[in-house]
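Engineer: Everything below, folded, please.
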Amino acid sequence: MIDDLARPDVARPPETGSLRRGVALNVASLGIQGALRLGFTVSAARVLGPAGYADFGVALAVSVLVAIVWPASAGSAVVKYVRIAWGGDRPADASAVLRHLLGRLVRFLAVVTPLLWAGSLLVSSGAALAWGLLLMSWGYSLQTFGRGVHLATGQLLREFVLQATCGVLALSALAIIELRDDVGPGVVALVYGGAMSLCGLLTWPRSAPAGGAAPPGVDRFVWLAAVGSLASAGFVQLLVVAGKLRFDDHEAGVLSAAANLASTLTLASAATSMALYPRVSQLVGRADDAGVRRLRRSVFRQLVRYLFWALAAFLVLAPTLVPLVLGEAYREAVEPLSVMALAAVTTTVAAPSVAVMTSGPNRSVARMSGAAWLGMAVGVAVWGLAWLGDLGGIGGVASGFALGTAVTATAAIAWADRVTADRLLPTWLLVLAALALLTSAQALAGRVGWGAPAYVLLAVSMGAWAISRRC
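Structural biologist: Presented below is the predicted three-dimensional model:
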């Protein structure tokens, strides 16, 4: 227990435990972070209103994109190469990987900081929002890298304690802010960024001892993963920025709030990936192909089993919860949020396949990057068609995002089938059809009420899901 709470040290053998415990701790850790983000989303939306929230939402989106460009993928590299090194009993190489990537992270932040500051002032966002953007960018960058270090060392309990501590501090500060009447997006960004930066600093690992050598493909892996992440994890941030450019302040704020609420729904995907990735990497280091195939198939079927009903419950509750939590000004967020919930479930079911692909050689990582960019291209094309025809509004933007996400997930599962010599793609297509029909039934009922067409869609959806469980 004491070792699990100590500062991360990649020179020591990683902690191991059951996959179920790993997923539970990851869900708890990300749940705390999600609660923090959800709390800020709800409070900022209520205090700032849709127009003010649009500015905060764009700053938040930019800070997440900054973390995606290098730190998040560098954290994934720490997990992959440290676990592979320990799988091959080469602890000195594990230390070398961490030293190499820490140096790269410091240089990245040194370059990006003045660029962010100058860009914020050029768009006249004000000094408070500029500083808030910097703090959020530093915080997200340090946290995403530090999370990779904790996964590499197996210290999931420490990650949970850090997130819980920083979450309590941030939500306490948030409660004080809500007592004021003159709160602007800059103040909200400063408080949120301060909490994120504090948590990020506490994830900093112990100095890695000298010796060993980082594999020559580490930097290439990071860049390939970053390119793919910009098109996958960065897709929703692009949606927020595009909404600010395309719609008026009210609609942009509603879309941004829906996107940030949807981000909390990706906890299951992130937790599954975080628990699977070190295990798959270690199996790859041992050349245990059969173990990789069994693990992927088992987790995929468990996700299919539960997430259909989780999405159904969310779609039923969303029309009541969204205006209740955010306020009546955000009632229009129900439709885009429901569609983005479908995208979140799609990403989660594909998580085992993504873990298999990104744990393999760099050519597999390149294929995943290509799949992510293909999905984003499809989504952007849908946006373009909707805007040219003036169709769909913010709901059309969300639909393009969901379609692009489905394309990426399908490509990931198809590639992973080839790598593991498995056949999960037919089952996945049935699952995807069931999820899409379920969301369509809710959308139709929301517009014209529950009639025969909506019930038919619901029945077909449940039938497709039932058949997929037997494949």
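
Engineer: so residue 155 makes contact with residue 146?
Structural biologist: No. With contacts counted by CB atoms under 8 Å, residue 155 stays clear of residue 146, the gap being 10.4 Å. Any C-beta I mention is one placed from the backbone N, CA and C, and that applies to glycine too.

Engineer: For the two, list the residues in contact with both.
Structural biologist: residue 8 (CB atoms under 8 Å, 6 or more residues apart in numbering).

Engineer: Which strands or helices does the helix or strand encompassing residue 344 pack on?
Structural biologist: Applying DSSP states H and E as the criterion places residue 344 in helix 334-359. Packing partners of helix 334-359 (3 or more CB pairs under 8 Å, 6 or more residues apart in numbering; DSSP states H and E): helix 71-87, helix 218-246, helix 249-264, helix 267-285, helix 289-326, helix 362-388, helix 393-420, helix 425-448.

Engineer: 6 Å instead, please
Structural biologist: Applying 3 or more CB pairs under 6 Å, 6 or more residues apart in numbering; DSSP states H and E, we find helix 334-359 packed against helix 249-264, helix 267-285, helix 289-326, helix 362-388, helix 393-420, helix 425-448.

Engineer: Could you check how far the fourth one is from the centre of its chain?
Structural biologist: So the one you mean is helix 362-388. Here the centre of helix 362-388 is set off from its chain's centre by 17 Å, with CA atoms, centre = their mean, to the nearest Å.

Engineer: and the angle for it with helix 334-359?
Structural biologist: Angle, helix 362-388 to helix 334-359, by axes from the mean of the first three to the mean of the last three CA atoms, to 10 degrees: 160 degrees.

Engineer: same thing with the shortest one?
Structural biologist: Here helix 249-264 runs at an angle of 40 degrees relative to helix 334-359 (the same axes, to 10 degrees).

Engineer: could you dump helix 249-264 to CSV, C-alpha only?
Structural biologist: Provided in CSV are the C-alpha atoms of helix 249-264 (Å, rounded to 0.1, in the frame of the first residue of the first chain):
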residue,chain,number,x,y,z
ASP,A,249,-22.8,32.7,-29.4
HIS,A,250,-25.9,31.1,-28.0
GLU,A,251,-25.8,28.0,-30.2
ALA,A,252,-22.0,27.8,-29.9
GLY,A,253,-22.4,27.8,-26.1
VAL,A,254,-25.1,25.1,-26.2
LEU,A,255,-22.9,22.9,-28.5
SER,A,256,-19.8,23.5,-26.3
ALA,A,257,-21.7,22.5,-23.1
ALA,A,258,-23.1,19.4,-24.9
ALA,A,259,-19.6,18.4,-26.0
ASN,A,260,-18.1,18.9,-22.5
LEU,A,261,-20.9,16.8,-21.0
ALA,A,262,-20.3,14.1,-23.6
SER,A,263,-16.6,14.1,-22.6
THR,A,264,-17.6,12.8,-19.2
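
Engineer: Do me a favour and average the pLDDT over it.
Structural biologist: Averaged across helix 249-264, pLDDT comes to 81.

Engineer: Show me what counts as buried in that helix.
Structural biologist: For helix 249-264, burial by neighbour count (16 or more other CB atoms under 10 Å) applies to 250-264.

Engineer: Which one, of the helices and strands packed on helix 334-359, ends up nearest to residue 238?
Structural biologist: Closest to residue 238 of these is helix 362-388 (CB to CB; 7.5 Å).

Engineer: Just name whatever secondary elements the closest one is in contact with.
Structural biologist: Packing partners of helix 362-388 (3+ CB pairs under 6 Å, 6+ apart): helix 218-246, helix 334-359, helix 393-420.

Engineer: same thing but at 10 Å, please
Structural biologist: Identification of packing neighbours for helix 362-388 by 3 or more CB pairs under 10 Å, 6 or more residues apart in numbering; DSSP states H and E yields helix 71-87, helix 218-246, helix 334-359, helix 393-420.

Engineer: looking at the ones you listed, which is closest to residue 185?
Structural biologist: Nearest to residue 185 among these is helix 218-246 (12.3 Å), distances taken as CB to CB.

Engineer: how distant is the closest one from the center of its chain?
Structural biologist: Centre-to-centre, helix 218-246 and its host chain are 11 Å apart (CA atoms, centre = their mean).

Engineer: circling back to that earlier point, could I get the helices and strands packed on helix 362-388 as a markdown table with distance to residue 463, mean pLDDT and mean neighbour count?
Structural biologist: Below are these laid out as a markdown table (distance: least, CB to CB, whole Å; pLDDT from 0 to 100; neighbours: other CB atoms under 10 Å):
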| stretch | distance to residue 463 | mean pLDDT | mean neighbour count |
| --- | --- | --- | --- |
| helix 71-87 | 38 | 82 | 27 |
| helix 218-246 | 30 | 81 | 21 |
| helix 334-359 | 18 | 86 | 26 |
| helix 393-420 | 20 | 88 | 23 |
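
Engineer: right, and the ones you listed - which one's nearest residue 163?
Structural biologist: Across the helices and strands packed on helix 362-388, closest to residue 163 is helix 71-87 (CB to CB), at 14.9 Å.

Engineer: orientation of the closest one relative to helix 218-246 in degrees?
Structural biologist: Orientation of helix 71-87 against helix 218-246 (the same axes, to 10 degrees) gives an angle of 150 degrees.

Engineer: next structured bit after helix 71-87?
Structural biologist: Next along the chain after helix 71-87, taking DSSP H and E as the criterion, comes helix 91-122.

Engineer: list the helices and strands that following helix packs on?
Structural biologist: On a contact count with 3+ CB pairs under 10 Å, 6+ apart, helix 91-122 meets helix 19-69, helix 71-87, helix 127-153, helix 218-246.

Engineer: try 6 Å this time
Structural biologist: Short answer (3+ CB pairs under 6 Å, 6+ apart): helix 91-122 packs on helix 71-87, helix 127-153.

Engineer: Could you quantify the relative orientation of the first one and helix 91-122 as an angle?
Structural biologist: Put plainly, it is helix 71-87. Using the same axes, to 10 degrees: helix 71-87 against helix 91-122 is 180 degrees.

Engineer: Which elements pack onto helix 71-87?
Structural biologist: Using 3+ CB pairs under 6 Å, 6+ apart, helix 71-87 sits against helix 91-122, helix 127-153, helix 218-246, helix 267-285.
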